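**Student:** Need coordinates for the following:
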Amino acid sequence: MQTSCTHNMVVRIGVKGSLQNARDKNDPVVELRVVGGSQNQSLDCDPAQSNLRTELQNGCTPTYGVNNGVACPESPTPSVLHCVPLQTGSSVGQLRQGLNDRVFRGSNTCSAAPNNWSSYPNLPSGDPRIVQLILTPFGTFQGSGNESLPVLGFATFYLTGWDGSPCQGQGDDPVSDKGDVVGHFIKYIDTLNPGSGSAPCDFSALGSCTAVMTR
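**Tutor:** Below you'll find the predicted structure:
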């Protein structure tokens, strides 16, 4: 005897992300909008530092790891963080000051840290324009107010221009608006951090990775 029943057909479509590592020095620049609005489109990665300027200048002291399903915000706070809060309020001046402090180390002349992108992939060791980014879900900055977001991964970005850089007009890529940052995602292999994983680096994927010794 036949009986009628209802079946659901589910179709999942995978869309490749538009962000990717630069293939060569001629790749188009990527524009990051860092400040503006009630959520200034940056992360408060270090609660021990008083503002965005000092976080940009000094980097983040806490250790972060990829969130594999932990609810945000985390409680109690673990030694390795898997969630990161948003930075609220517009901070255009702090963006300029923080990046200039980090890259030019107190100097206000372009010669202190010129744009070396024309040499990619042979960038100078210790180039201060190489910065690490925390990746969060798409659409993160469309809301308002304080939120805590899961860490999806990490990426390395080479700064080729930003609002307030002394190298604007002297080798940096131009920016279109206040608070903008431009540059390129690059594959960065961390050989100093011994790491804790055993998976090999995926050189074709967006993100940073740590070289791990194997035998």
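
**Student:** what sits opposite the closest residue to residue 152 other than its chain neighbours in the beta ladder?
**Tutor:** Nearest residue to residue 152, sequence neighbours excluded (Cβ to Cβ, 6 or more residues apart in numbering): residue 135, at 4.6 Å. All C-beta spots, glycine's among them, are computed from the backbone N, C-alpha and C. Each beta-bridge partner of residue 135 is listed here, defined by DSSP bridges: residue 153.

**Student:** Show me the shaky parts of the chain.
**Tutor:** 1-18, 34-41, 89-90, 139-145, 188-215 (pLDDT under 70).

**Student:** Just give me the residue right at the centre of it.
**Tutor:** By Cα atoms, centre = their mean, the mean C-alpha position of the chain lies nearest to residue 133, the distance being 2.2 Å.

**Student:** if we can go back for a sec, give the contact list for the residue nearest to residue 152.
**Tutor:** Listed by Cβ atoms under 8 Å, 6 or more residues apart in numbering, the contact set of residue 135 reads 151, 152, 153, 154, 155, 207.

**Student:** what does the longest helix along the chain rub up against?
**Tutor:** For the chain, the helix with the greatest residue count under DSSP state H is helix 92-104. For helix 92-104, the surrounding residues in contact (Cβ under 8 Å, 6+ apart) are 34-36, 42, 51-59, 108, 112-113, 128-129, 131, 159, 162-166, 178-179, 181.

**Student:** Show me what counts as buried in stretch 119-139.
**Tutor:** Neighbour-count burial for stretch 119-139 flags 120, 127, 129, 130, 131, 134, 135, 136 (criterion: 16 or more other Cβ atoms under 10 Å).

**Student:** Can you identify each of the helices in the chain by residue range?
**Tutor:** Under DSSP H, the chain gives helices at 52-58, 92-104.

**Student:** and of the ones you listed, who's closest to residue 82?
**Tutor:** helix 52-58 (18.7 Å; Cβ to Cβ).

**Student:** just how off-centre is that closest one within its chain?
**Tutor:** Distance, stretch centre to chain centre, for helix 52-58: 14 Å (Cα atoms, centre = their mean, to the nearest Å).

**Student:** Could you check it and say which residues are buried?
**Tutor:** By 16+ other Cβ under 10 Å, the buried positions in helix 52-58 come out as 52, 53, 54, 55, 56, 57.

**Student:** same check, this time on stretch 175-184
**Tutor:** Using 16+ other Cβ under 10 Å as the test for burial, stretch 175-184 gives 175, 179, 180, 181, 182, 183, 184.
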